[in-house]
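Asks: Mind looking at a prediction? Sequence and model below.
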Amino acid sequence: DGGITQSPKYLFRKEGQNVTLSCEQNLNHDAMYWYRQDPGQGLRLIYYSQIVNDFQKGDIAEGYSVSREKKESFPLTVTSAQKNPTAFYLCASSPGGTDTQYFGPGTRLTVL
Amino acid sequence: AQSVTQPDIHITVSEGASLELRCNYSYGATPYLFWYVQSPGQGLQLLLKYFSGDTLVQGIKGFEAEFKRSQSSFNLRKPSVHWSDAAEYFCAVAPAGNNRKLIWGLGTSLAVNP
């Protein structure tokens, strides 16, 4: 089945540690996105990538990093510089040339 | 600045009742418009979208939405709500032809009474 997978579903880390969230899609979509979701704040864009080996900062990129070495993969690293990393992280992808984004199931990160 | 407003943070309806969730946007031209639904702890699922053409759009799960240019609105409706419709609903807007940065509303939480 085609879709977007995010792993793991739940992730726990100690404060000060970097952590990488996985996002894989087999939809052959060109564009991929990372969002952060906090209660009452809706979705906020962290990074997005329109093509392999290229990505742009979203609205809240500080403390995060990404890579896009393969079309199907867009991992997000939450660094120790992120002040409040505990949140629900959503990955999305969209076909090139359209505006419809499709979402993965999300990863809930808890930093202790 | 472009923005999306969902005026209702939380709505409660009885099962079988009709539903309307409001979405207003601020944008100079006609944007692309979307409604997504999110169940607790899950990702977002696309309900429907409007790009152009007929202003009444049909989506999945019996939902529809109507684009009203004069009111800058894209309200979501369902004639008879089921208990399984309880979820968070998000309206989103993209400048036409530019999907780089969707602009999101803060969501409306729907509760359904049996």
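Replies: Structure's in. What do you need? Residues are numbered from 1 along each chain as shown, chains lettered A, B, ... in the order given.
Asks: going forward, measure contacts between C-alpha atoms and count neighbours the same way
Replies: Will do.
Asks: center of the chain - which residue?
Replies: No chain was given, so I picked chain A. residue A:34 (3.1 Å; C-alpha atoms, centre = their mean).
Asks: right idea, wrong chain: chain B
Replies: residue B:35 (3.6 Å).
Asks: which regions of the chain lie under the pLDDT threshold?
Replies: Just going to use chain A. In the predicted model, chain A carries pLDDT under 70 at residues A:1, A:97-98.
Asks: The intended chain is chain B.
Replies: In chain B, residues with pLDDT under 70: B:96-100.
Asks: Strands along that one, start to end?
Replies: Remark: strands assigned in chain B by DSSP state E are B:3-5, B:10-14, B:19-21, B:24-26, B:32-38, B:44-50, B:56-58, B:64-68, B:73-78, B:87-94, B:103-104, B:108-113.
Asks: what helices or strands is the second one leaning on?
Replies: Strand B:10-14 is packed against strand B:108-113, with contacts defined by 3 or more C-alpha pairs under 8 Å, 6 or more residues apart in numbering or on different chains; DSSP states H and E.
Asks: doesn't residue B:5 make contact with residue B:108?
Replies: No. If you go by C-alpha atoms under 8 Å, residue B:108 and residue B:5 don't touch, sitting 10.2 Å apart.
Asks: between the two, which one's more packed in?
Replies: residue B:108 (23 against 18; other C-alpha atoms under 10 Å in any protein chain shown).
Asks: now the more buried one, which residues is it bridged with?
Replies: As for beta bridges, residue B:108 partners with residue B:89 under DSSP bridges.
Asks: ok, now which ones touch it?
Replies: Counting by C-alpha atoms under 8 Å, 6 or more residues apart in numbering or on different chains, residue B:108 touches B:6, B:8, B:9, B:10, B:11, B:21, B:88, B:89, B:90.
Asks: The fourth one: how many residues sit nearby?
Replies: Spelled out, that is residue B:10. Using other C-alpha under 10 Å: residue B:10 sits among 14 other residues.
Asks: Test my guess that it contacts residue B:110.
Replies: Yes. Using C-alpha under 8 Å, residue B:10 is in contact with residue B:110, at 6.0 Å.
Asks: what's the most buried one of the strands of chain B?
Replies: Comparing the strands of chain B by mean neighbour count (mean count of other C-alpha atoms under 10 Å in any protein chain shown), strand B:87-94 comes out on top with a mean of 24.
Asks: Include distance to residue A:14 when you put the strands of chain B into TSV, please.
Replies: Compiled in TSV, the strands of chain B are given as follows (distance: least, C-alpha to C-alpha, whole Å):
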stretch	distance to residue A:14
strand B:3-5	36
strand B:10-14	34
strand B:19-21	40
strand B:24-26	40
strand B:32-38	29
strand B:44-50	28
strand B:56-58	46
strand B:64-68	44
strand B:73-78	42
strand B:87-94	30
strand B:103-104	31
strand B:108-113	32
